[in-house]
Every structure is written in C-alpha cells, then in structure tokens.
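Asks: When you get a sec, could you give me coordinates for this:
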Amino acid sequence: PSLSTISYKEHEKLIQDILSNKIELDILCVEGNVVLGPENTGMFDTFMGKPKKELISLLAHKAKYIIAVGTCASFGGIGSHQNEMDGTGLQFHHS
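Replies: Purely as a prediction, here's the structure:
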C-alpha cells in the first residue's frame, strides 16, 4: 500500500473486495518481515486498525501464488534469529 497510487479508501475497498471474493487475487507479494510484536499481537504494524500479520494471512488464503520479496520477507531479516526483533518471514522462523 505504501507504493500504491490509489487512495487509502480505494485500498480498503480493494482489500474488502478480495476478501469477499468479488475480485480474485492472483499473486500476493510481501516485502519486509511480518511483525509479530508486542507479545505476538502484531499491533506494532497495523492497517485498518488490525495487525498486518492477520491481513497477510487472510490475503494469502485468497491468493493463487505468494511471493516473499527478499530475505526479510522470506526469513525474517537480520536480528530475527537472535530475538532482537519481533518478526518472522513467510518461509521460515528462527526459534
């Protein structure tokens, strides 16, 4: 959404249309790690008042394909394996 040319309201509608099956989602691209904090709530990174981790999960279930763009999106990024940041990647989570 930060690189999108549509407005916040249009983006909200697009997401709702995808989630309600009005629009098909072919490819979901995720860039950056998925923020889990604080205490696995995801509330350090939100959109529309909800944790983005939940939005990513909902959209992932609608998408035909999911692409993790870069190392952070895939594996959580620098610091995730040493519990320095409360985040994860789509492919792998150090624990």
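
Asks: Okay, and Glu12 sits in which element?
Replies: Element membership of Glu12 [criterion: DSSP states H and E] is helix 8-19.

Asks: helices or strands up against that helix?
Replies: helix 52-62 (3 or more C-beta pairs under 8 Å, 6 or more residues apart in numbering; DSSP states H and E). (C-beta placed from N, C-alpha, C; glycine too.)

Asks: Only the buried residues of the helix it packs on, if you could.
Replies: Lys52, Lys53, Leu55, Ile56, Leu59, Lys62 (16 or more other C-beta atoms under 10 Å).

Asks: Over to stretch 8-24?
Replies: Neighbour-count burial for stretch 8-24 flags Leu14, Ile15, Ile18 (criterion: 16+ other C-beta under 10 Å).

Asks: okay, these in a markdown table with distance to Thr71 next?
Replies: Converted to a markdown table, the buried residues of stretch 8-24 look like this (distance: C-beta to C-beta, whole Å):
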| residue | distance to Thr71 |
| --- | --- |
| Leu14 | 28 |
| Ile15 | 26 |
| Ile18 | 27 |
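
Asks: ok, back up a step: which single one of the buried residues of helix 52-62 is nearest to Ser7?
Replies: Leu55 (17.6 Å; C-beta to C-beta).

Asks: Can you tell me how far that closest one is from Phe47?
Replies: 6 Å (C-beta to C-beta, to the nearest Å).

Asks: Look up phi and psi at Leu25.
Replies: For Leu25, the backbone dihedrals are phi -110, psi 110 (criterion: degrees, to the nearest 10).

Asks: Next, count neighbours for it.
Replies: Using other C-beta atoms under 10 Å, Leu25 is surrounded by 19 other residues.

Asks: swap in Gly76?
Replies: The local packing of Gly76 (other C-beta under 10 Å) involves 24 other residues.

Asks: Can you give me the pLDDT of it?
Replies: Per-residue pLDDT puts Gly76 at 85.

Asks: Gly89 too?
Replies: For Gly89, pLDDT reads 89.
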